[in-house]
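**Q** structural data only, the sequence is not supplied:
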């Protein structure tokens, strides 16, 4: 299917910020399950953008404003053609990092005793089955509740209160999988919802686990399924912090207010268009 | 315990070692209270200059003077040339190792080091995978801790590849000794250690990124006056003739680092940073760091600034990685290590752990991520309760520990209540790397355990320092 994404992030500052520096991980890359086309980043004030790539393979833009700024909006728009790969990510290019790197503990995903116990409660077996069991158990145990956590919540904190949003589900999944000896990583991205809710409050997040003979396989514990053609991967990291869409700072701006507007919707297309693009 | 090898008196035959002959004769003839008088003078000078060291976790004495011992530690020309070769070899191998770890990882593929030990090591920085700093130099400044057990028995106790400190003491101690004992210097051909700052400046200049021009702008980046080594940061900036800056004095624009000056922003090419990786850029590492420079890593990745040392060098001085250093040196230089490692048990290996637990009271056990003498057990000088408490820690997290035999560190004559007594010493020489080559300053920081019998020389644990004389031929 084709998914159209229109994602605006607005920062309003209490005082004009003399200068703003941001790292943007907002640009998806093509891989077997997704073809990125017409992707654009725009800002509503004069700013320099420098494109780079991090060691995780993410496209990173560094953004630098050119003059004092009251408010800054970063808008990304584009279209991604997707197919269902059953959650299996076959990359178009070699991964720079060994899967072993994704066994690392990070402050956001450090397991506590409760997560240890939870990870131990998943029955032994083949990795793929265990990861599905982990996803199922997590969906059972941790309720999805908007506003129950903040972006700085760790996996252990969210697990303790048994409530969270997709970020928390993903981080608990990662902490548990690593505890089970399975490399796991965080994915930030978008989900084209099938209930017609195209306007969304926040971007989506899920996890990927390393399964022998398959490679990276996606698991969305907030929804209890592996990603389908409705998902668009944008960035990966060791945890939420590493895949954060925007990390930045302002000089002299004081308190900042953040507003996100996100619209993710399927694009209607004719059979002819599909065939001309070589998609099934 | 048998008597340790003494730097002046050797292994017990009673004969004064060659390098100490002149000093021994001088000491023989010196008036009884001369050394003590000079010692008091030294303390006064140091206090006046404000050479202090803050000890973490010690509220009472936030700024303390590190005790200075006026009796120099002397190293003969031949001894030094062996050490120098060994140090150059070791640091050359460490740079090659880091290039490989963050590049092709041949040493992992060849089975020289286990993949998980490197890739899940807290000091390995995945962000650096595939990056190449200018000239492939990672450890611009290394401090290698050496101990001695006999005439030819020098061992590397640990490598310091992140932000090794102590070089200001090496330089200050020399200045102090030249002031206090000009007559002694006249009788010895002591190699000048004060060329260190010039060597460092050239080394940093040679490490500048391509396009920086013939006269690159260098700064020393400090976390600020609350850091325990702040004195050294300001001392070095002063000696190098470069700006001492904090994170807030720098900013990154268009993937380029600038320093705020009264004449407007000035481009910075080389940062001698004394801030740990974790805190250096809040947009890449710890987001709550207030001492770093937001966006610094973008400029670094774009090849527009040199960080000395490079990001991620800590994986080379990790205590668990240390145990593989002889194999690492052979793999990257094709030679056997000139400087030996202390035989070490890796507690992550079950057989080793069993052996360590069996002889715990005889061993020194260290936390792999620890430094500064914290979190370690010195079996022979610990109480039964301390040993048992440590045993529990060791069993709970064996991966976190290594163990070594308690070495009988060499002693050197040290002033103690008006008389000279042997006290255990180590030696930290400083090694500089740049695309122009690897160099060692002729000297180092000799640390001395002032308590009788103590083997812990760390300044945070009551150690002192001595001037280190390397003699010319």
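**A** Thanks, I have the structure now. This structure is a prediction, so every number in the text was calculated from the model and none was measured.
**Q** I'd like the distance between residue B:241 and chain A.
**A** 29 Å (C-beta to the nearest C-beta, to the nearest Å). For the C-beta atoms, the positions are set from N, CA and C on the backbone; glycine is no exception.
**Q** same question for residue B:278.
**A** Counting by C-beta to the nearest C-beta, the gap from residue B:278 to chain A is 10 Å.
**Q** so that residue makes contact with residue B:287?
**A** No - using C-beta atoms under 8 Å, residue B:278 is not in contact with residue B:287; the gap is 10.7 Å.
**Q** looking at the stretch 351-473 of chain B, what residue ends up closest to chain A?
**A** residue B:399 (11.9 Å; C-beta to the nearest C-beta).
**Q** identify the residue nearest the geometric centre of chain A.
**A** By C-alpha atoms, centre = their mean, chain A has its centre lying nearest to residue A:188, at 0.4 Å.
**Q** so that residue: helix, strand or coil?
**A** With DSSP: H, G, I helix; E, B strand; the rest coil as the basis, the three-state label of residue A:188 is strand.
**Q** ok, back up a step: which residues touch the residue of the stretch 351-473 of chain B closest to chain A?
**A** Applying C-beta atoms under 8 Å, 6 or more residues apart in numbering or on different chains to residue B:399 gives the contacts B:320, B:347, B:348, B:368.
**Q** mind pulling the model confidence for residue A:274?
**A** pLDDT for residue A:274: 52.
**Q** part of a helix, is residue B:204?
**A** Yes - according to three-state DSSP, residue B:204 belongs to a helix.
**Q** ok, it touching residue B:270?
**A** Yes - counting by C-beta under 8 Å, residue B:204 touches residue B:270, with 5.0 Å between them.
**Q** just to revisit the earlier point, identify the spatial nearest neighbour of the residue nearest to the centre of chain A, chain neighbours not counted.
**A** residue A:243 (4.3 Å; C-beta to C-beta, 6 or more residues apart in numbering or on different chains).
**Q** and that neighbour, what does it touch?
**A** Residue A:243 is in contact with A:25, A:56, A:58, A:186, A:187, A:188, A:205, A:234, A:235, A:236, A:237, counting by C-beta under 8 Å, 6+ apart.
**Q** can you give me the neighbour number for the nearest residue to the third one once chain neighbours are set aside?
**A** Computed as C-beta to C-beta, 6+ apart, the closest residue to residue A:58 that is not its neighbour in sequence is residue A:235, at 4.4 Å. Under the neighbour criterion other C-beta atoms under 10 Å in any protein chain shown, residue A:235 is assigned a count of 26.
**Q** show me what whichever strand or helix holds residue A:235 is packed up against.
**A** According to DSSP states H and E, residue A:235 maps onto strand A:231-237. Contact partners of strand A:231-237 among helices and strands, from 3 or more C-beta pairs under 8 Å, 6 or more residues apart in numbering or on different chains; DSSP states H and E: strand A:19-27, strand A:69-82, strand A:184-191, strand A:204-211.
**Q** residue boundaries of the helices in the stretch 1-150 of chain A?
**A** A:113-120, A:127-141 (DSSP state H, counting those that start in this stretch).
**Q** out of the ones you listed, which gets nearest to chain B?
**A** Among the helices of the stretch 1-150 of chain A, helix A:113-120 sits nearest to chain B (C-beta to the nearest C-beta), with 13.0 Å.
**Q** and the closest one, what does it pack against?
**A** helix A:127-141, helix A:155-161, helix A:166-179.
**Q** buried residues in the shortest one?
**A** Of the residues in helix A:155-161, A:155, A:156, A:157, A:158, A:159 count as buried by neighbour count, 16 or more other C-beta atoms under 10 Å in any protein chain shown.
**Q** domain ranges for the chain?
**A** Since no chain was named, I'll use chain A. The record assigns chain A these domain ranges, following automatic domain parsing: A:2-81+A:245-276, A:84-243.
**Q** not quite, I wanted chain B
**A** Listed by the TED database, the domain ranges of chain B are B:18-76+B:145-191+B:425-470, B:84-143+B:200-333, B:343-405.
**Q** deepest in the core, which of the ones you listed is it.
**A** domain B:84-143+B:200-333 (a mean of 20; mean count of other C-beta atoms under 10 Å in any protein chain shown).
**Q** that domain spans what distance, first to last residue?
**A** 16 Å (C-alpha to C-alpha, to the nearest Å).
**Q** run the chain-centre distance for it.
**A** 15 Å (C-alpha atoms, centre = their mean, to the nearest Å).
**Q** re earlier: most packed of the domains of chain A?
**A** domain A:84-243 (a mean of 19).
**Q** what's the average pLDDT for that domain?
**A** 95.
**Q** what's the answer for stretch A:73-80, then?
**A** Across stretch A:73-80, pLDDT averages out at 98.
**Q** same check, this time on stretch B:306-324
**A** Rounded mean pLDDT across stretch B:306-324 is 95.
**Q** around chain A, which positions in chain B sit nearby?
**A** Within chain B, the residues that sit near chain A (C-beta under 8 Å from any C-beta of the partner chain) are B:105, B:115-116, B:119-120, B:122, B:126-131, B:251-255, B:282-284, B:287, B:294-295, B:298, B:301-302.
**Q** contact partners for residue B:207?
**A** B:133, B:134, B:135, B:137, B:140, B:270, B:306, B:308, B:434, B:435.
**Q** now it: how far from residue B:444?
**A** Distance, residue B:207 to residue B:444, by C-beta to C-beta, to the nearest Å: 22 Å.
**Q** can you check residue B:134 too?
**A** Taken as C-beta to C-beta, the span from residue B:134 to residue B:444 is 27 Å.
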